[in-house]
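[1] after the sequence you'll find the predicted model.
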Amino acid sequence: MNPVLPGSVIGVLGSGQLGRMFAIAARRMGYRVHTFSPDSDTPTGQVADVEIAAAYEDLDAVRRFASQVHVVTFEFENVPSATAAAAAALAPVRPAGEVLHITQHRLREKQFLSRHGFPVARFRHIRNGAELPAALAELGCPAILKTAGFGYDGKGQVKIETAGEALAAWQRVQPAEAVLEECVDFACELSVVAARGQDGAFAHYGAVENRHARHILDVTTAPAEAPPAVAAEAVALARGVLDALQVVGVLCVEFFWTRSGKLLINELAPRPHNSGHFTFDACVTSQFEQQLRAVCGLPLGSTEQLRPAAMANLLGDLWRNGEPDWVAATAMPNVKLHLYGKLEPRPGRKMGHLTALAASASAAREAALAARAALAREPVAART
Ligand code: AMP
């Protein structure tokens with residue numbers, strides 16, 4: 001198949017920060033970018049050539065959008081299957097709608113992974129509240145109840161500590177259907193961001209370590225401090241997943257590394273991922289440029305990491321004492337500031353991130369945390 005060359009138009013479904021960083025990478029290489037989402041003045045739209053504000057269900061608008069671009073990709077996987085199908089009738093959609101269909105639904109994703117022999121935490125499909133007690137008895141407490149569809153950053157999930165809490169948990173999640181998962185006793189959470197080309201070529205950014213706060217990614221350290229054999233196994237599993245899904249594009253595999261030394265796959269994201277943001281500043285080819293290369297049918301770029309790095313998210317909470325102290329953070333010469341152009345800093349909302357580069361991954365983490373504390377005008381200890 002002929003590659004989509006610079007000068008062509010890339011269509012992005014979704015308009016958040018992932019699309020923004022993708023658009024920056026694409027424009028740098030001479031492509032034009034159209035973004036489609038229900039919103040306007042979006043993080044992606046602010047740097048795209050064209051911003052279309054229409055509902056994902058408005059298939060006429062989706063067709064108009066797709067007819068004006070050379071290839072369609074995503075920065076947000078929770079778009080309806082019908083949207084991807086409508087676009088696919090007019091332009092290549094990469095990764096394919098089937099990849100989205102599987103990865104936007106926890107149950108389909110877990111079933112796909114276990115059917116293909118990938119390690120996942122033990123889980124049960126729960127169709128109604130009455131099925132919960134028996135499943136809880138099988139998996140044991142504590143367990144985690146998650147909505148089957150459209151969940152991210154811990155949304156739509158609740159931990160069940162004792163069997164007596166089952167009914168209340170079901171009522172809190174109120175799902176059409178759900179997944180009950182054993183609670184994993186993990187030493188740490190790891191992820192691998194990887195890319196697969198149209199020709200099956202594979203590239204990855206190694207295993208990185210993720211720390212969450214309130215179920216939202218807080219800090220990524222790259223490379224992970226896990227033993228090399230664990231990192232290699234995580235990469236091998238990620239490669240298996242990209243091949244099994246026949247992904248053309250970027251996909252992130254998130255893992256639990258258990259205290260008993262096992263890797264379990266927690267989640268897949270069929271796009272660049274928050275845990276890969278460090279690649280923008282620390283790698284020869286960022287995850288966003290890699291997505292561009294993969295979906296355009298160009299050769300993948302080098303994923304070499306030039307320096308150890310860490311990424312700290314900047315959530316809306318940081319604005320609680322007023323405007324963060326940007327000068328203090330930019331005074332640290334090895335720290336890079338990324339802001340997504342979002343006007344309203346709501347608590348829990350991802351507003352930007354910091355990337356720190358240093359001689360070691362742990363030094364980079366210290367630097368990123370120190371910069372974030374300076375932004376918040378807080379002493380470092382309060383944030384670490
Ligand atoms: P998720 O939205 O499924 O990625 O979950 C968000 C975060 O909740 C994960 O990154 C973990 O920190 C935690 N979590 C989710 N599922 C489990 C589990 N089965 N056992 C322990 N922690 C979990």
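    Yep, that arrived.
[2] and the closest residue to Arg127 other than its chain neighbours, how far is that from Lys146?
    Excluding the flanking residues, the one nearest Arg127 by C-beta to C-beta, 6 or more residues apart in numbering is Glu177, at 5.4 Å. (Each C-beta comes from the backbone N, C-alpha and C, glycine too.) Going from Glu177 to Lys146 by C-beta to C-beta, to the nearest Å gives 10 Å.
[3] looking at those two, which has the bigger crowd around it?
    Applying other C-beta atoms under 10 Å to Glu177 and Lys146 shows that Lys146 carries more neighbours, namely 22 against 15.
[4] can you list contacts of stretch 95-115?
    Here stretch 95-115 makes contact (C-beta atoms under 8 Å, 6 or more residues apart in numbering) with 73-74, 77-79, 81, 84-85, 88, 120, 123, 125, 146-151, 177, 179, 241, 244-249, 251, 265, 267-270, 295.
[5] same thing but 6 Å
    For stretch 95-115, contacts defined as C-beta atoms under 6 Å, 6 or more residues apart in numbering pick out 77-78, 81, 84-85, 120, 123, 125, 146, 148-149, 179, 245, 247-249, 265, 268, 270.
[6] and it, how far from the chain's centre?
    Relative to its chain's centre, stretch 95-115 lies at 15 Å (C-alpha atoms, centre = their mean, to the nearest Å).
[7] low pLDDT regions in the stretch 1-150 of the chain?
    The stretch 1-150 of the chain contains residues with pLDDT under 70 at 150.
[8] the ligand contacts on that one?
    Residues of the stretch 1-150 of the chain lying close to the ligand by C-beta under 6 Å from any ligand atom are 121, 144.
[9] what ranges do the strands span in the stretch 1-150 of the chain?
    9-13, 32-37, 50-53, 71-74, 123-126, 143-147 (DSSP state E, counting those that start in this stretch).
[10] okay, now the sheet partners of the fifth one, with direction.
    For strand 123-126, sheet partners with direction are given as strand 178-182 (antiparallel), following DSSP bridges.
[11] quick one on the thing from earlier: from the contacts of stretch 95-115, list the buried ones, please.
    Among these, those classed as buried by 16 or more other C-beta atoms under 10 Å are 77, 84, 120, 123, 146, 148-149, 179, 245, 247-249, 265, 268, 270.
[12] these two touch, right, Glu254 and Asn266?
    Yes: Glu254 lies in contact with Asn266 (C-beta atoms under 6 Å); the separation is 4.6 Å.
[13] contacts only, for the residue in the stretch 151-300 of the chain that the ligand sits nearest to.
    Nearest residue of the stretch 151-300 of the chain to the ligand (C-beta to the nearest ligand atom) works out as Val184 at 3.7 Å. By C-beta under 6 Å, 6+ apart, the contact set of Val184 is 121, 256.
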